[in-house]
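*Asks:* here is my input, please return the structure:
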Amino acid sequence: MGETVWIQGRYESAYGLLGVMAGELCEGFREAGHDARLIDLATDPHPEAGVFVFFNAPVDLDAFPAALWRPGSRLRAVQVFVDHPFALPDAALDEWKRRTGLSNFRMCLPCADDVHLLRMRWPGLSHAWMGHGIPRGSLCGVDTVTRDAWDAREFDVVVTGSIATEAEIRDAFARMTPAMGDMAKQVVALMVADAGVGYLQALDLVMGSRSVITGEWRTATMFWRVCLAMANRIRRVRAIGSLQGLRVGVFGSEAWGPVCTGTIAHAGRVGYADIPAAFARGRVALAWGPTQFVHSYSERIMLAMAAGSAAVSDDRLLVRRDFPGLCALYDAGEPATARAACEGLLADPEAAIERAMRARKWVEDRCLWSARVGQILATPGTMRAVA
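*Replies:* Residues are numbered from 1 along each chain as shown. As a prediction, the model looks like this:
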């Protein structure tokens, strides 16, 4: 059976994402034959040995199992981090390094963008790329991917995801100096104009051309959240606007309300666990990737395929590599291409359904959490990427 796997299951995260992921991962471990236990560090006894797995941010290390900090401990930790490196709480990792030298810590993350920053910021950190995972329960029944079922779906296109409100972005810029705000807006303009330009590239171009030295973690993270929020809103609002005339259901926060007019309906908030069901209400699923990534993708594209929808994604290198011929692609810098990709699928239902069936089987065979457990349990020097 091997080591016991302890998975922290309680988080405060938008739409319940991390808590749901933890539960899904626990089931994946059990499905693969491992002794996995979901725990709440605030109320349950802390493990003394085995593998302690947690998602995203170790904000308060003193809340973690004390065994992690003991010399010769038989407990090691694996962080499954589903965001960009800039979202890491660097002070917490600095403290972990001070306590153990990071010798008992490893990070698995689906982001391949800017991961060189991790070793530069924390020399000796052990980390590995790992594709996102989805639960077996997200797979639709094969009998729901038929022509009759396709015709009966409520929407032509379903979209899920979040945006900031215009007021939130204005407030964020109001807290910056005029010079900083001007540079941040220029960074956003470059990212929006060319989807292949990532935040760091845009920052180097804008700040470097003003003789401001870049390459420091603190400098790079200064504008990160506000630039990502603004670029994300602009890209997604434009993509949704291009779909006017199609029956579109947008699932997300109330920030979408003013954007959803005409044939585009705000279908309400949806918890993370309910995303597959939301996608299953549309013939086509517009499964765009996270704005903080340029080449990487999130689990959204897998959930769209699991739901039996014909998937559309913004064109990314790793999407093309990991889902060959399984989804239509559009250029996030050219919103009209999103409409063309969706209309292309809607115009040929039989071909779209055939592609959706292939995509569903692909994610069932390759993308369930049970296929990720070997990567999570690997030790430094034995890690292999799992697509």
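*Asks:* pLDDT below threshold where in the stretch 251-387 of the chain?
*Replies:* Within the stretch 251-387 of the chain, the stretches with pLDDT under 70 are 379-387.
*Asks:* which residue ranges form the strands in it?
*Replies:* With strands called from DSSP state E, counting those that start in this stretch, the stretch 251-387 of the chain shows them at 264-268, 282-286, 310-314, 328-330.
*Asks:* what kind of secondary structure is Gln79 in?
*Replies:* Using DSSP: H, G, I helix; E, B strand; the rest coil, the three-state assignment for Gln79 comes out as strand.
*Asks:* report the beta-bridge partner residues of the closest residue to it other than its chain neighbours.
*Replies:* Spatially, and ignoring its direct neighbours in sequence, Gln79 is nearest to Met107 (4.7 Å; Cβ to Cβ, 6 or more residues apart in numbering). Any C-beta I mention is one placed from the backbone N, CA and C, and that applies to glycine too. Per DSSP bridges, the residues bridged to Met107 are Gln79, His127.
*Asks:* around Met107, how many other residues sit close by?
*Replies:* Applying other Cβ atoms under 10 Å, we find 21 residues neighbouring Met107.
*Asks:* contacting residues for it?
*Replies:* Val78, Gln79, Phe81, Leu118, Leu125, Ser126, His127, Ala128 (Cβ atoms under 8 Å, 6 or more residues apart in numbering).
*Asks:* for the last one, give its distance to Phe64.
*Replies:* By that I understand Ala128. According to Cβ to Cβ, to the nearest Å, Ala128 and Phe64 sit 21 Å apart.
*Asks:* so which bits of stretch 16-35 are buried?
*Replies:* Residues of stretch 16-35 classed as buried: 17-32, 34 (neighbour count, 16 or more other Cβ atoms under 10 Å).
*Asks:* also stretch 194-208?
*Replies:* By 16+ other Cβ under 10 Å, the buried positions in stretch 194-208 come out as Asp194, Ala195, Val197, Gly198, Tyr199, Leu200, Gln201, Ala202, Leu203, Asp204, Val206, Met207.
*Asks:* closest to Arg99 out of the strands of the stretch 251-387 of the chain?
*Replies:* Arg99 sits nearest to strand 310-314 of all the strands of the stretch 251-387 of the chain, at 40.4 Å, using Cβ to Cβ.
*Asks:* residues in contact with that closest one?
*Replies:* Outside strand 310-314, the residues within contact range by Cβ under 8 Å, 6+ apart are 157, 195, 283-289, 297, 301, 304-305, 319, 323, 326-332, 338, 341-342, 345, 352-353, 355-356, 359.
*Asks:* within the sheet, what are the partner strands of it, with directions?
*Replies:* Paired strands of strand 310-314, with direction, are strand 282-286 (parallel), strand 328-330 (parallel) (DSSP bridges).
*Asks:* using JSON lines, lay out those together with mean neighbour count and distance to Ala149.
*Replies:* As requested, the strands paired with strand 310-314 are exported to JSON lines (neighbours: other Cβ atoms under 10 Å; distance: least, Cβ to Cβ, whole Å):
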{"stretch": "strand 282-286", "mean neighbour count": "30", "distance to Ala149": "10"}
{"stretch": "strand 328-330", "mean neighbour count": "21", "distance to Ala149": "20"}
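*Asks:* got TSV for the ones you listed, with distance to Val188 too?
*Replies:* Formatted as TSV, these follow (distance: least, Cβ to Cβ, whole Å):
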stretch	distance to Val188
strand 282-286	22
strand 328-330	20
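*Asks:* for Gly141, which of the ones you listed is the nearest?
*Replies:* Closest approach to Gly141 among those is made by strand 282-286 (16.5 Å; Cβ to Cβ).
*Asks:* strand 264-268 and that closest one, what's the angle between them?
*Replies:* Compare the direction of strand 282-286 with that of strand 264-268 by axes from the mean of the first three to the mean of the last three Cα atoms, to 10 degrees and you get 90 degrees.
*Asks:* need the residues that contact strand 282-286.
*Replies:* Residues outside strand 282-286 that contact it (Cβ under 8 Å, 6+ apart): 150, 153-159, 239, 243, 249, 279, 304-305, 307, 309-312, 338, 342, 345-346, 349, 352.
*Asks:* so who does the residue nearest the centre of the chain touch?
*Replies:* The chain has Ser298 as the residue nearest its centroid, 3.4 Å off, counting by Cα atoms, centre = their mean. Taking Cβ under 8 Å, 6+ apart as the contact definition, Ser298 lies against Val82, Pro110, His132, Gly289, Pro290.
*Asks:* return the closest of those with respect to Arg99.
*Replies:* Arg99 lies nearest to Val82 out of those, by Cβ to Cβ, at 24.3 Å.
*Asks:* if we can go back for a sec, for Ala184, find the nearest of the strands of the stretch 251-387 of the chain.
*Replies:* Nearest to Ala184 among those is strand 310-314 (22.5 Å), distances taken as Cβ to Cβ.
*Asks:* could you list the alpha-carbon positions for that closest one in CSV?
*Replies:* The C-alpha trace of strand 310-314 is given here as CSV (Å, rounded to 0.1, in the frame of the first residue of the first chain):
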residue,chain,number,x,y,z
ALA,A,310,-17.6,20.5,-28.3
ALA,A,311,-14.7,22.5,-26.8
VAL,A,312,-13.2,25.8,-27.9
SER,A,313,-10.0,27.1,-26.4
ASP,A,314,-7.8,30.1,-26.9
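*Asks:* now pLDDT and secondary structure too, for the buried residues of stretch 194-208, in TSV please.
*Replies:* TSV is the format used below for the buried residues of stretch 194-208 (pLDDT from 0 to 100; DSSP: H, G, I helix; E, B strand; the rest coil):
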residue	pLDDT	secondary structure
Asp194	95	coil
Ala195	93	coil
Val197	95	coil
Gly198	94	coil
Tyr199	95	helix
Leu200	93	helix
Gln201	94	helix
Ala202	95	helix
Leu203	93	helix
Asp204	91	helix
Val206	94	helix
Met207	88	helix
